[in-house]
Structures are given as structure tokens and as C-alpha cells.
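**Q** Predicted coordinates and the sequence they were generated for:
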Amino acid sequence: TAGITQAPTSQILAAGRSMTLRCTQDMRHNAMYWYRQDLGLGLRLIHYSNTAGTTGKGEVPDGYSVSRANTDDFPLTLASAVPSQTSVYFCASSDSAVTEAFFGQGTRLTVV
Amino acid sequence: RKEVEQDPGPFNVPEGATVAFNCTYSNSASQSFFWYRQDCRKEPKLLMSVYSSGNEDGRFTAQLNRASQYISLLIRDSKLSDSATYLCVVNPSYGNNRLAFGKGNQVVVIP
């Protein structure tokens, strides 16, 4: 069972370049999320989507955009990367009752 | 005030000992509560949900105190494999799927 998959697992990106982090789930969960995790700051919500076709801003949305064209996919785009976006990014999904959130394995992004 | 607050530690625990820690949440209307475990350089995974009546899973016991707005996790007979970061997670808004995470309690079990 695949569950939730992120790609790539790691990336070094030049500042000013754009990049899309991919996230796919096969559990038919309505809700999906993007978090970033930084040392000392914990997991912070970037954007979320309660259902296909809708998205919302989380705690730290600036510099990021998302789309939710279908249930399975929830890509995160950095339009013009900056070094402060160096982080570990986790995608997650859950059913509408939020009984459990399932996480992808994470993407380690370094912006230089 | 942060939605979920935890003392990050680290909590250095001798093998076989008991360790307990709390987290506090700010929204009294919060509906769902969880403890997640995160191993180094890995994704968080659900350890246990926390119910109003409390719940126990083997050596792990979770409690919810709505009056004081905190949840707790107790680990008995600590094993080396319990070394991890334990994340307190709250759904702060009824009808909203968004989860709020604490920074985590880092537990290091020492032989």
C-alpha cells in the first residue's frame, strides 16, 4: 500500500528558481496539508485543502502556492525560492473526521 | 499564544524508568487530540488518540484534562526504542480538518 508519496526526497535549489514539490495519496482522503519543519519551530502549516477544488492558507503561506485539481494530488509550488525556505517539507492527508493524518516521507529542500 | 505548547526537553530517561510530559492547548473548543511519534529524519506517525476518558496502549497512557486544557503522555518501563520526539496534536476548530502541532517532546532513553 503506497499511502502518501512525496517527490523528490531531497533537492538543492538555486535562489530565485521555481520548484514544485509533488504529493500524491491513494487513500481517497478529502483533506490534504503541507507542513514545513524547522529545528526549534516544529511543524508549521503552509497550506491545506479540505476537499478537491478548495485550498486555504495556513500559518506560513507566503512564498508558496498550492492547487487541488483532484482528490489524489496536492502540489506545492515555490515561485521564486529564497534561502529561508530551506526546510523539510511534509505532505499529509486525512479523512474528513480527522481521525488520523498520514504523512509522506518528507522532502528535504536546500535553497542556496 | 500558540495553539499547542510543549516543553521540547530533551527528556533523558534511564532505561526502565517512567517518563511523563504534558502539552497545553489554547482553544477550549478543541475537539480532537492525538500524540504522534517522530523518529529522527522520519515522518510523524500516529501513536495514539486521546479520549476524554483517557486511554492506554501497553506501556503508553494518554490523558485529557479539558478544565485545564492539557493532555499528557506517560511512558512506563522505557525502552531504548522509545527514543523519539513525541508531538502533541490538536484539532482546534470544530468542523475544520486543520491540525495544530506542538514542537514536540524529545525523549532520549539511556541504557
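**A** Received the coordinates, thanks. Numbers count the residues shown, from 1 in each chain, chains lettered A, B, ... in the order given.
**Q** What strand or helix carries the spatially most central residue of chain A?
**A** Taking C-alpha atoms, centre = their mean, the centroid of chain A lies closest to residue A:34, which sits 3.0 Å from it. Using DSSP states H and E, the element containing residue A:34 is strand A:31-38.
**Q** now for that strand, which elements pack on it?
**A** Counting contacts by 3 or more C-beta pairs under 8 Å, 6 or more residues apart in numbering or on different chains; DSSP states H and E, strand A:31-38 packs against strand A:19-25, strand A:42-49, strand A:87-94. Quick note: C-beta positions are derived from backbone N, CA and C, even for glycine.
**Q** Out of these, flag the one nearest residue A:12.
**A** strand A:19-25 (10.4 Å; C-beta to C-beta).
**Q** Pull up the residues of chain A that are close to chain B.
**A** A:30-31, A:33, A:35, A:40-45, A:48, A:50, A:56, A:58, A:90, A:94, A:96, A:98-101, A:103-106 (C-beta under 8 Å from any C-beta of the partner chain).
**Q** low-scoring pLDDT stretches of the chain, where are they?
**A** No chain specified, so I'll use chain A. A:1, A:96-98 (pLDDT under 70).
**Q** think we crossed wires, I meant chain B
**A** The model of chain B has pLDDT under 70 over residues B:93-97.
**Q** can we see that at 90?
**A** Scanning chain B for pLDDT under 90 picks out B:1-3, B:7-10, B:27-32, B:41, B:51-54, B:91-100.
**Q** Strands of that one, start to end?
**A** Assigned by DSSP state E, chain B shows strands spanning B:4-6, B:11-14, B:19-25, B:32-38, B:45-49, B:55-57, B:60-65, B:70-75, B:84-91, B:100-101, B:105-110.
**Q** CSV for these, including mean neighbour count?
**A** Shown next, in CSV, are those (neighbours: other C-beta atoms under 10 Å in any protein chain shown):
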stretch, mean neighbour count
strand B:4-6, 20
strand B:11-14, 15
strand B:19-25, 20
strand B:32-38, 22
strand B:45-49, 17
strand B:55-57, 12
strand B:60-65, 18
strand B:70-75, 20
strand B:84-91, 24
strand B:100-101, 24
strand B:105-110, 18
